[in-house]
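Undergrad: using only what follows, build the 3D model:
(2 chains, ligands or ions: 1)
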Amino acid sequence: MDFSLNPDQAAIVAAIDRLAQQFEQMPTGFDGFVLPGDELEKELELAQYFDLAAVPELGPVAAALAIERLSRLPCTVEVALSMLLRPAINPEWPRPVATVEQGRPGRFVATAKTLVLIDAESVSVAHPGGNDVEAVESLYAYPMGRVTGEPAREKMTTEQAARTRTLLRIACAAEMAGLLQAAIDATVEHLTVRKQFGRPLGTFQALRHRMAECAVLAGGVKNLALKAAYTGDAGDAALAALQAQHSASRVVYDVHQMFGAMGMTLEMPLHLWTYRMKALLSELGGRGAQAAAVAQHYFAVTK
Amino acid sequence: MNFDWSKEQQEFRNTVKAFLAANLPDNWEQMAHGPGSASQTEFSKQFCGALAKAGLLIPHWPKQWGGQDADHWSSFILAEEMWAAGEPRGGQYMNVNWIGPTLMLFGSAAQQQAYIPPMARGETLWCQGFSEPGAGSDLASLRTRADKHGANYRINGQKIWTSYAGHADTCFLLARTGDSKKDISIFLLPMDTEGITVREIPSIIGEGDIHEVFFDDVEIASDAMLGEEGQAWEIVRKALSMERVGLPRFALASKVLHRAVESLKKLDQCTPGAMEQASKALAACESARLYSYHIVDQRCRGELPGPETSAARFATVTAERLVSEFVVEHVPDALAGGDPMLLVHHQRGIVAGIASGAAEIQLNLIASNLLELPREPR
Ligand SMILES: Cc1cc2nc3c(=O)[nH]c(=O)nc-3n(C[C@H](O)[C@H](O)[C@H](O)COP(=O)(O)OP(=O)(O)OC[C@H]3O[C@@H](n4cnc5c(N)ncnc54)[C@H](O)[C@@H]3O)c2cc1C
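TA: Have a look, this model is predicted:
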């Protein structure tokens, strides 16, 4: 049991942090509700960071840390599936990678080069052509898209499908950990600056306690995500995704409350985090499905 | 980053488990009801004596005091296994975790000689006299006084909620030695000193747990003071930092959760609703576990305690609450003649957010020290 990073992991985490810092600036204009991170994506490609999990000294833990850090940025890039799923299932897959669940719109689907299609128990893979997918306007702060054509699908084996679900859960938890943290950081700043009744909002205990509870949840999600990334275990992954979705549903509500009307505006783009969390909340079947997976792995209950 | 146990850690855990299997009597789970009851106190003396002989009572203490200089992981693994088993050490866990180590740091040679060896042999029970009727979360407002009286101090006042006081040999007592907020000192007070009256407080949390302790003109020699006059806060801060992770409550909570689900399986009552609740409770237990492990890891590295300790405590309170709620809702006979371990957990779990620092106080600390929100006006 050792929570410290090895020198290679520490170096890559520091490098990604330096890169991320260049993209911290808050947006001034929006294309829809999303802030796409095209420049960041180029930098990540150039540095081959999407493949870092394959480096033995780094592994999925470093990938999870990178995902967590990058998802704290206001801009968004398809990072999580490329960094965690692709190296483990098929490093040859072209990226971006996106999931489509039960035919619904999904994140990054319109630009994805690899689609993971989940229909009830079956999981298959497709590489869509230009006419197979289209962008969908949405309130989510991810670029959303849907499948319109019939790209050739290759069905995964049961083992591969199970492994894929596990990795998707870890990716979801790692990404959520970053989003939770960023939303909390933004809210703490707001509560520190905004005054009502002659004092900063952050001095009111009713709000302090709620924020503290949010912080405990967020830290828990990060730890669980890192452990799941380390073990790659299906049970750990289910626990992490469950805690991630459970925590996000609470935190999203609380941080919007604390911003008052300002939280509804694009001028204070809280939605960049909260509406990404809302997108992740429903994925992989939502909390009920993660809980069922936990029940199966830890309690041997399959109902 | 590494979430595996080392071979030595795994072996140590197995040794502790094997010891428990060999040394807990068949009726242990029924007995584990009253953590401060006469029967458990008696049993704990015998059990801790055997632990000491097996080198498992104080492995993390320095060799000088009979320990093995083992790292913090050993004491935490030991604590996890003990707590999960219903804490057969009873109140002696306090000696091992913080009272002994605090005496090593601040005690006079005579105090160390008098008190540490019996702790190392597992023969003695202490109680912690901090809280008072008017001083709970606001401990600094305590009013029990120790006034100079010739070569002695004379103690008057009252403590409350004092665990194990009914059978304790010695009290680690906080008393006021002056009028300012800081004028508080620590006394190592034998519980059989004249003028001390102990009254058990009937409660919902098990026999012999909490007490009132009254001090009426209790005379005690000056050399019973630990450290110097007015040094209490410094010592207490250090002492509590040794306990910084708090009890590994998640260990029993998660064990009990599994037992509760097993009992539902037998009744074919693992509905999706129940299982979702159980899964959330398990996620909370594992979150608390990792928070605690992170802090133990920091401690092994010699890092100072940070505000994460409050987060770990709050995560633990949440885990206790969710498990407790699950059991009450789905295995109601736990509180009515069912599996005794579920009752033990219930009675210990419901105090998690109050004993050793209320949950809301932890939230205040998290808001100020982890989030660095502006402080509340005073
Ligand atoms: C089982 C058990 C064993 C114990 N054993 C011991 C022992 O051995 N020795 C000992 O000295 N003490 C012991 N205690 C006492 C324990 O330390 C106190 O209960 C604890 O410090 C809380 O104090 P209180 O009960 O007076 O609650 P209070 O301080 O009155 O608090 C009541 C409620 O108000 C909240 N509150 C208080 N202040 C604030 C604030 N500033 N902001 C927001 N909310 C606030 C609290 O969080 C709590 O929810 C024990 C308690 C229990 C339950």
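Undergrad: distance-wise, check residue B:173 relative to residue A:84.
TA: Distance of residue B:173 to residue A:84, given as C-beta to C-beta, to the nearest Å: 55 Å. No exception for glycine: its C-beta is placed from N, CA and C like everyone else's.
Undergrad: correction: residue B:72
TA: Per C-beta to C-beta, residue B:72 is found 32 Å from residue A:84.
Undergrad: neighbour count for the two, which is higher?
TA: residue A:84 (28 against 18; other C-beta atoms under 10 Å in any protein chain shown).
Undergrad: find me the pLDDT at the residue nearest to that one when sequence neighbours are not counted, would you?
TA: Closest residue to residue A:84 apart from its sequence neighbours, by C-beta to C-beta, 6 or more residues apart in numbering or on different chains: residue A:171 at 4.6 Å. pLDDT recorded at residue A:171 is 98.
Undergrad: okay, now residue A:171: neighbour count?
TA: Residue A:171 has 32 nearby residues by other C-beta under 10 Å.
Undergrad: check contacts around it.
TA: A:67, A:80-81, A:83-85 (C-beta atoms under 8 Å, 6 or more residues apart in numbering or on different chains).
Undergrad: cool, and residue A:17?
TA: Per C-beta under 8 Å, 6+ apart, neighbours of residue A:17: residue A:69.
Undergrad: now it: which helix or strand?
TA: helix A:7-21 (DSSP states H and E).
Undergrad: then that helix to CSV, C-alphas only?
TA: Taking C-alpha atoms only, helix A:7-21 is exported to CSV below (Å, rounded to 0.1, in the frame of the first residue of the first chain):
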residue,chain,number,x,y,z
PRO,A,7,9.5,8.8,-10.5
ASP,A,8,8.2,8.2,-14.0
GLN,A,9,4.6,8.7,-12.9
ALA,A,10,5.5,11.8,-11.0
ALA,A,11,7.3,13.2,-14.1
ILE,A,12,4.4,12.6,-16.4
VAL,A,13,1.9,14.0,-14.0
ALA,A,14,4.0,17.1,-13.7
ALA,A,15,4.4,17.4,-17.5
ILE,A,16,0.6,17.0,-18.0
ASP,A,17,0.0,19.6,-15.3
ARG,A,18,2.3,22.0,-17.0
LEU,A,19,0.5,21.4,-20.3
ALA,A,20,-2.9,21.8,-18.6
GLN,A,21,-1.9,25.1,-17.1
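Undergrad: list the buried residues of it.
TA: Buried positions in helix A:7-21, judged by neighbour count with 16 or more other C-beta atoms under 10 Å in any protein chain shown: A:9, A:12-13, A:16, A:19-20.
Undergrad: rewinding a little: looking at the contacts of residue A:171, which are in helices?
TA: A:67, A:80 (DSSP state H).
Undergrad: out of the contacts of residue A:171, who's nearest residue A:163?
TA: residue A:85 (9.2 Å; C-beta to C-beta).
Undergrad: do you know how far the closest one is from residue B:250?
TA: 31 Å.
Undergrad: the more surrounded of these two?
TA: Comparing residue A:85 with residue B:250 by other C-beta under 10 Å, the one with more neighbours is residue B:250, at 29 against 25.
Undergrad: helix, strand or coil: sort out the more buried one for me.
TA: helix (DSSP: H, G, I helix; E, B strand; the rest coil).
Undergrad: these two touch, right, it and residue B:282?
TA: No. Residue B:250 is beyond contact range of residue B:282, at 9.9 Å (criterion: C-beta atoms under 8 Å).
Undergrad: so what's the residue nearest the centre of chain A up against?
TA: By C-alpha atoms, centre = their mean, chain A has its centre lying nearest to residue A:175, at 2.6 Å. Shown in contact with residue A:175 (C-beta under 8 Å, 6+ apart): A:67-68, A:71, A:79-80, A:276, A:280.
Undergrad: same check, this time on residue A:115
TA: A:97-100, A:109, A:125-128, A:133, A:147, A:151.
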